[in-house]
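# Make a model of this:
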Amino acid sequence: MAGAMGGALDVVVVGAGLSGLIAARRLIEQGQRVRVLEARPRVGGRMVSQTLSDGSVVDLGGQWGGHTHHRFAALLQELGLSCYPSYYAGDGIFCWQGKCIKAPLAERFENSLVFFEPGALDLDAKELEATRALQQAFTALVAQINPRQPWLTPDAERLDRLTVSAWATQQTNLPLAHLPLAWLCRVGGSGGFEPWEASILHLAWTQAVAPQTETPEAWLVQGGAGAVSLLLAADLRARSPGALVLEAPVLAIQQNEAIATVIAEGLEPLQARAVILAVPPPQRQAIRFEPPLPPAHQALLQRTAMGGMTKILTRYSKPFWREQGLNGLGTGKQPWLDLTADSGPPGEQPAVLASFVAGERAITMAALPEAERRALILKDLVRYWGLRRRQPPRSGGTSLEWRILDRRCLHQLSSTRQLDQPCPPGCRHRGWPGSRQPWAGVLGRYRGLPALAWLFRRRHRGRGASRINRCPTPEPMKDRPYIHGTSRREQARLIDQAELLSELLAANLDYQAGDQILEIGCGVGAVLGQIGKNHPDAQLHGIDISPDQIEAARRHLSGLGLDQMELAVGDGAALPWEGSCMDRVRLVWVVEHLQEPLAVLREALRVLQPGGTIHITETDYSSLRVSPPDPAIEAMLSAFVAHFNRHGNAHAGPALGPWLEQTGFTAVHNTMVGIHHWCPSRRDAVDGFCSYLLGFIEPERSALFEAAPTPHAAALIETGLERFARLAEQPDGAISISAYQARGMKPADDQPG
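Residues are numbered from 1 along each chain as shown. Take a look at the predicted model:
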């Protein structure tokens, strides 16, 4: 089962970034039998270097270390690598309101205006004073943060409902005062997000665990930081030949009380006593877990976003800025570049400036043609460092743009306390689950290994920008589009879906004559139409955020002779009905599309009469199985689940019970219903259900290909789609999926809302 190494393994490590390699190394030192599986064709994750034509090396990924990164410094010494100090001699450039100012750096970051000595910037005294006051208020807030349990911070709930922008605006409206906090959001802290995207509690927590005041950009690695992972991989292969396998993305992890089975592309299943996940939380969503992860942990994975940042390296014939008494550090307010920094060694070669585009700008720039991106970058560099730099550097520009991952504004957890779950690391804990200590990038303050990897994520594109809770001000549902849109084709598919699964949708409904029944997210009226036919005496109401869907619902229901019902365009999180006016509330495949399901469930509770019931139907898309097993179909389905989770919740079904109880419903039941009667004896049924599911998946085909980590993975997804469409042609072809039917009651003693 363990392949080339033979026999069962002790541990399988998923991911060959810095955390995974070190975890494997320590385990092998303890005599454990280990296999490391890496999806990419190389090791190192976001630590990767490139050798230039003259033999010099630049870091395309993470590069800096800091004064308190003692453990990383010790690792360098152990591997025979050396480091050199970052170049900070001379003045930097601060840009504000169209003016670029040459000024010295402050002695201490906490007394600076984003590195610079405030008094040397010739800025408005009133704005400087407001900036100082806001920074002092933020520093005082950071001092109150509980680094290990931030949700226990005084007034945590309120702070977690305030965006950084909102909190800063409460202090002052002066733009300069907002700059330092915006810089920490976009470039510092966990980085890569905008100040209106995360809570002030989150930002304060990032500075409590990884303070910019500890100078995390103090030194660089001679020969490139990418050498660290290469040396670790070579050491791993020498200690345990065959222990490291590249281009082996993990598709599924199955476990019972005795053993875990890891299914990876191109390999025989591996069995081990334990599995270490050393990949960022969002990437874990592409893995199918059997049994499924606890709902609370699934929620954490779905709400842990990746920041957006692009790193650009521009190489010059010599470090001209040093000749001018400048240190290469530029920041402030520019159209694109948030930061530039000298990225070269003490000598003249290679002469490299590292620049960073963060947040929304990174996404915007990624969509531009290469030539336009280059022109915009050079234009900002000219503003920072002088007109003679307008022409491209003599040796050309070397740039690597980290792929911009999903950067949704996530705000689904109802309380920061929900992060304290008995499950592997999530928003607060990254890396492998060998340590339950909170980590950051500051190795001197951390007792475990995962911080090593985060050190090199925290400044560069692709780092994990976790949010302690949610975006504090939920966007209206109209800005959270239904994953497949509202085209006529999709509207027809929804009606077909309701007909295909009519028995499931009508099961266990206790509706009575004269009931006031509300469907939230009624869409095209497919389910309302069935309820109307089955319960002609009921009073029906429907609401949907989309005017197009409501118009389609009117057409569909009128065609059924059911036009005597109330349909409204509105937000399920702000229902236009008074409290305690409905007998029943129905939601069908709606919760899976919501980024704030609890807000909608609370509204459902409000409008229900005491003793009224709610019925919800959802699915766990990771439960979809085909027979005979097909790796290509499995890869396609895993990619679809991961894509769905970037926009919604592919595993909403199992979570319905806890969500209903948390909202305040009683007598809660959540029953799994296996849809598995499409068996080999019914070719038409297998074909029909595959066609139905393809109608659900096909609109996302392009997105699945774009998200594929390698061309091989994209080709596998394409093959999976083709084979899935032909499943009914196989003599033993069969398909199944798990749906969930949840029911809850409003307490009889509940007061009208």
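# contacts, neighbours, all on C-alpha from now
Fine.
# Domain ranges for this protein, per the record?
9-86+220-303, 124-216, 488-746 (the TED database).
# And those domains: which comes nearest residue 106?
domain 124-216 (11.5 Å; C-alpha to C-alpha).
# Could you check how sure the model is about the closest one, as an average pLDDT?
Domain 124-216 shows an average pLDDT of 90 in the prediction.
# quick one: it to chain centroid distance?
21 Å (C-alpha atoms, centre = their mean, to the nearest Å).
# now do stretch 355-362
On C-alpha atoms, centre = their mean, the centre of stretch 355-362 falls 17 Å from the chain's centre.
# end-to-end on it?
12 Å (C-alpha to C-alpha, to the nearest Å).
# Stretch 60-70 now?
23 Å.
# Turn the domains of the chain into TSV, including distance to residue 102.
Listed next are the domains of the chain as TSV, based on distance: least, C-alpha to C-alpha, whole Å:
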stretch	distance to residue 102
domain 9-86+220-303	19
domain 124-216	16
domain 488-746	42
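# List just the one of these that sits closest to residue 373.
If we rank these by C-alpha to C-alpha, the stretch that ends up nearest is domain 9-86+220-303, at 17.5 Å.
# Wait, a helix at residue 314?
No - applying DSSP: H, G, I helix; E, B strand; the rest coil, one finds residue 314 to be strand, outside a helix.
# thought it was touching residue 354?
Yes - judged on C-alpha atoms under 8 Å, residue 314 makes contact with residue 354 at a distance of 6.7 Å.
# contacting residues around residue 231?
With contact set as C-alpha atoms under 8 Å, 6 or more residues apart in numbering, residue 231 has these partners: residue 79.
# cool, residue 708 as well?
639, 714.
# Tell me which stretches of the stretch 51-200 of the chain form strands.
57-59, 64-65, 83-85, 91-96, 99-103 (DSSP state E, counting those that start in this stretch).
# buried sites along the helix or strand that contains residue 327?
Under the criterion of DSSP states H and E, residue 327 resides in strand 326-332. For strand 326-332, the neighbour count (16 or more other C-alpha atoms under 10 Å) marks 326-332 as buried.
# Output the following helix or strand past it as PDB, restricted to C-alpha atoms.
Under the assignment DSSP H and E, the closest C-terminal helix or strand after strand 326-332 is strand 339-342. Provided in PDB are the C-alpha atoms of strand 339-342 (Å, rounded to 0.1, in the frame of the first residue of the first chain):
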ATOM      1  CA  LEU A 339       5.900  49.500  -1.700                       C
ATOM      2  CA  THR A 340       9.300  49.200  -3.300                       C
ATOM      3  CA  ALA A 341      12.400  47.900  -1.500                       C
ATOM      4  CA  ASP A 342      16.000  47.200  -2.300                       C
END
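# Parallel or antiparallel, list what pairs with strand 339-342.
strand 326-332 (antiparallel), strand 351-358 (antiparallel) (DSSP bridges).
# Of those, which is nearest residue 208?
Nearest to residue 208 among those is strand 351-358 (21.8 Å), distances taken as C-alpha to C-alpha.
# Check which helices and strands whichever helix or strand comes after that closest one sits against.
Note on strand 351-358: by DSSP H and E, the next helix or strand toward the C-terminus is helix 360-366. For helix 360-366, not one helix or strand is in contact under the criterion 3 or more C-alpha pairs under 8 Å, 6 or more residues apart in numbering; DSSP states H and E.
# just how off-centre is helix 360-366 within its chain?
On C-alpha atoms, centre = their mean, the centre of helix 360-366 falls 17 Å from the chain's centre.
# in it, what's buried?
Those would be 360-363, 365-366, for helix 360-366 by 16+ other C-alpha under 10 Å.
# Tally up the residues packed near the residue lying closest to residue 182 once chain neighbours are set aside, please.
In space, and not counting its chain neighbours, residue 182 is closest to residue 195: 5.5 Å by C-alpha to C-alpha, 6 or more residues apart in numbering. Residues near residue 195, counting by other C-alpha atoms under 10 Å, number 24.
# Kindly report the same for residue 640.
By other C-alpha under 10 Å, the residues close to residue 640 number 24.
# which residue sits closest to it in space, ignoring its chain neighbours?
residue 704 (6.6 Å).
# pLDDT (mean, whole number) over the host helix or strand of that neighbour?
Using DSSP H and E, the element containing residue 704 is helix 701-707. The pLDDT scores in helix 701-707 average 77.
# buried residues in that helix?
704-705, 707.
# before we move on, the earlier item: hang on, isn't the residue nearest to residue 182 packed against residue 181?
Yes - counting by C-alpha under 8 Å, residue 195 does reach residue 181; the two are 7.5 Å apart.
# Name the residue closest to the centre of this structure, please.
residue 305 (2.5 Å; C-alpha atoms, centre = their mean).
# on that earlier part again, can you list residues touching both of residue 195 and residue 181?
With C-alpha under 8 Å, 6+ apart as the test, residue 195 and residue 181 both reach residue 164.
# in this structure, which ranges drop under the pLDDT threshold?
1-7, 189-190, 387-508, 563, 674-689, 692, 695-696, 749-753 (pLDDT under 70).
# remind me, longest helix of it?
Taking DSSP state H as the criterion, the chain has its longest helix at helix 125-144.
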